[in-house]
Every structure is written in C-alpha cells, then in structure tokens.
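Chemist: Predicted coordinates and the sequence they were generated for:
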Amino acid sequence: MTLSLNKITKTFGEVKALNNVSLEFTEPMIYGLLGRNGAGKTTLLNIINGRIFPDSGEVLMDGIPVADRDELLSKMHLMGEVNYYDDDLKLKDAIKTVDGFYGEAFIVAEAHRYAKLFELDETKKIGKLSTGYKSIFKCCIALALDVPFVFFDEPVLGLDANHRDLFYKLLIEDYSRKPKVIVLSTHLIEEASPIIEKFVIIKQGRILLEKSAESLAQYASSVTGPKEKVEQAVSGCQILGRSFIGALETAYIVGKLSGTCDGLTVQNIDAQRLFIELTNTDKEASL
Amino acid sequence: MEINNESQIPIFMQVADALRDAIFTGAFGEDTQIPSTTEISIAYRINPATVLKGMNLLVEEQLIAKRRGVGMFVSIGARERIKEMRYSEFSKNYIKPLVLEARKLELTDEQIAALIKKEMKTDDTKSE
C-alpha cells in the first residue's frame, strides 16, 4: 500500500505551516520524520490522519483520497499528543473503546501485554496518569494495532531511559512480526537513528531532505584542522557550517573532500550532527 | 558487544564484526544456529534491514549459511577461516599504524622491538 501526500499546503493565520509538501510512504519501512520545533511535523501528521484539513493538496491511499473515508482512515493510526479518551475512563475501558473502533486490527491481548511490560495499572483512570505514563499508554495502543500505517509523534516524550529502551525494543519486535509503514517523529535523533531506514527532514514547512539511512551517512562529512588549511581544502565545496575552537576549525561539507587532506582529519557525520547543521538558523550558527 | 552510533564504521559492518567475533570466540559454535535477524535487531535496537545486511556479509564470506525453513547456521570451518582473515589483516590493522606512529616519533627499529618485547612480557605476567 502507498500513502502519498500531494502538494499539501496549510496556513495558520499568517504562518505557512506546510508549504507544498509532497511525500510518499510505500513499502514496509521505518521512517524518521525529523524537524525542529514548529517545523510542521505535527501539522503534517494531523493532516495525514484526517485530524485537520489542508488548505490545498490531498492525501491519497493507493490513489484514493483519504479525507472523510473511514474505511481508509482506519488503516492508519496516529499516536500523538492529543488524548482521545475521557480522563475518567479507566485504562482497561479505554482499551475496550479502541477495540470497538478498530475491531480485528486491534489485538487486545497485545495491548494488555504491553501495559504489563510497562507496569501500567489498568485500573487507573487516564486523567490520573503522569505525562510519561500517558505517552506510554498511547504507545501500547499503537503497538497493539495491526494497521498498515502507524505514526508516532514524539512517542518517548517524558519517558525515562529504561522505558525508552523498552519502547524501541517492542517497536522493532512488532515491526519484525508485522511489517508496516512506521513513521517516527522525534527530537531524539541519536537514539532513534539506528532504527530508522529512511529519513525525512522538514524545515519551515518544506521537505528539506529525503534519504535512506545509508545515503544519509554518505551525504556529508567534517574536515578538522588548522583554519587556513581547512579553508583551502574546502574551497569549492558546499559548506553546511563551521565551528571553531581557537584556530582549530571544523567545517561540515556536503559530500567528501576531493584531493589531498594532509594534516586534516576527515570524518563522516552522524544524523544528529547533519540535522543540526542543516537546520541551524544563522544566529545559532554564528555562536 | 555494543553498537556505536557515532563510530565511523557503518552499523551493518559493526553487526558483521560482532557476529564474526561471536563465532571466533565460540559463542556461536560451528554447525549451530545463530540468532534470527529479529532477535539481533531487538537486542541492539537497530533496524532489521541493517542486521540483514550485516548477516549477508557473513553469508558472502561463507561463514554462515541459510538452512531452508530453519534459519542461519555457522558453517563448518568458519572459525578457522575467521582466524585466517584476521591473520591476513593483522599487519594492515595493527603493525602498519604502529610503524607509522613510530616513524613520526622517530623511534629506531631497536626501540620499537624493545617496546613490543616489554609489552609482551607484561602481558605474560598478567595472564599467569
């Protein structure tokens, strides 16, 4: 199945949250949706899942517009900041509600198993959960769903290191058993990147970069050494950013250095560093 | 074994290294089944496709082989082959950088030899 976004634009007042975004989620794969605060990630996920409507453009599932079609919307799930459940609802009753909505696609026993692994007390009311446990509960629901498209918007927000680790573990387990499209939107690039197969970087409402993990690793490199030497070596390269410690310079460039690099240290840069260099504002970069 | 995200070595190569090491140390014995892609990806929190890519390197090297419907098994003679592989890389991976650094420090051949001898001695006393 293919989910495609076709020229989506969305404005909130004066702000263009999404600007002509086209994107495709195809074969079973774990996608990483990366962007800074306010880049448009949540808006994008909300539009895909029919929570809000774009000003223009459309979301298509295998070529059919998704908007207002329940049978298509039920093939997707968004785990996000919004709570669908009544605060007075006990967790076990909330699980029943989800079961009623998704039917066969929701595996109740799995939801209970996940809740148990995270040590959630199902007799508790949703409103009584801490922020972290609210996220955990929503993750348990999302992991127990066997639908072709699952979106996680900041799934590990407020989770401690052990719970984050458990979440990633269960996510991989679930994905291995039931391959599907999983889209992870997160700020924790470093810990999520080994799981991600395809990176989508969004900046100010536009898709900045869309690359497989493999090609992303080759996309840029850093060159470190004495300032003059570095500048000489990188002249003619597309420079993403520079940082200095005294006269020691590190330049981040697109691609690899051609020619000699005697006395310079050339390294690959990881997803997190690349993300920072690509999405830094001029002000931040000058610091 | 730990996967190092910041390493210059791609993750799939790190996976391959870890598997080779497990075979070499005998953790994964010859003619026995190795853990599945899923088990390995869960253990290290890495994408199954990445694990598969690492495993395929070992298949190409004929260190492991797929048994239809069962899984991956360590080939007979794999340990010996890994030893040979490591031996042939020993000079490149360890001796060459040592010599390069020694030249930078302007050490004489005798000094290098003496340092190696000394290190071997301390290692011997440690293991006794």
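Modeler: Looks like it arrived, so ask away.

Chemist: hey, let's count contacts and neighbours off CA atoms from now on
Modeler: Noted.

Chemist: Quick one: name the residues of chain B near chain A.
Modeler: Neighbours of chain A within chain B, by CA under 8 Å from any CA of the partner chain: B:5-6, B:8, B:11, B:38, B:41-43, B:45-49.

Chemist: farthest pair in these?
Modeler: B:8 and B:38 (24.5 Å; CA to CA).

Chemist: what about those two, which has more around it?
Modeler: Using other CA atoms under 10 Å in any protein chain shown, the more surrounded residue of residue B:8 and residue B:38 is residue B:38, with 21 against 13.

Chemist: Backbone dihedrals for the more buried one, please?
Modeler: phi -60, psi -50 (degrees, to the nearest 10).

Chemist: can you pull the contacts of the nearest residue to residue A:4 once chain neighbours are set aside?
Modeler: Spatial nearest neighbour of residue A:4, chain neighbours left out: residue A:24 (4.4 Å); criterion: CA to CA, 6 or more residues apart in numbering or on different chains. Counting by CA atoms under 8 Å, 6 or more residues apart in numbering or on different chains, residue A:24 touches A:2, A:3, A:4, A:5.

Chemist: mind checking how far residue A:24 is from residue A:6?
Modeler: Going from residue A:24 to residue A:6 by CA to CA, to the nearest Å gives 9 Å.

Chemist: Repeat that for residue A:217.
Modeler: 28 Å.

Chemist: Run through the chain and note the low-pLDDT ranges.
Modeler: As the question left the chain open, I've gone with chain A. For chain A, residues meeting the criterion pLDDT under 70 lie at A:259-260, A:285-287.

Chemist: Chain B was what I was after
Modeler: B:1, B:126-128.

Chemist: Let me see the domain layout of it.
Modeler: As given by automatic domain parsing, the domain ranges for chain B are B:11-76, B:90-127.

Chemist: Buried residues of the shortest one, list them for me.
Modeler: By neighbour count with 16 or more other CA atoms under 10 Å in any protein chain shown, domain B:90-127 contains no buried residues.

Chemist: now it, how far from the centre of its chain.
Modeler: How far domain B:90-127 lies from its chain's middle: 21 Å, per CA atoms, centre = their mean, to the nearest Å.

Chemist: and if you look at stretch B:17-25?
Modeler: Worked out by CA atoms, centre = their mean, stretch B:17-25 lies 6 Å from the chain centre.

Chemist: Over to stretch B:19-33?
Modeler: Offset of stretch B:19-33 from its chain centre (CA atoms, centre = their mean): 11 Å.

Chemist: Show me the contact partners of it.
Modeler: By CA under 8 Å, 6+ apart, stretch B:19-33 touches B:34, B:55, B:58, B:71-79, B:82-83.

Chemist: Let's see that with 10 Å instead.
Modeler: With contacts defined as CA atoms under 10 Å, 6 or more residues apart in numbering or on different chains, stretch B:19-33 is touched by B:1, B:13-18, B:34-35, B:40, B:54-55, B:58, B:63-67, B:70-83.
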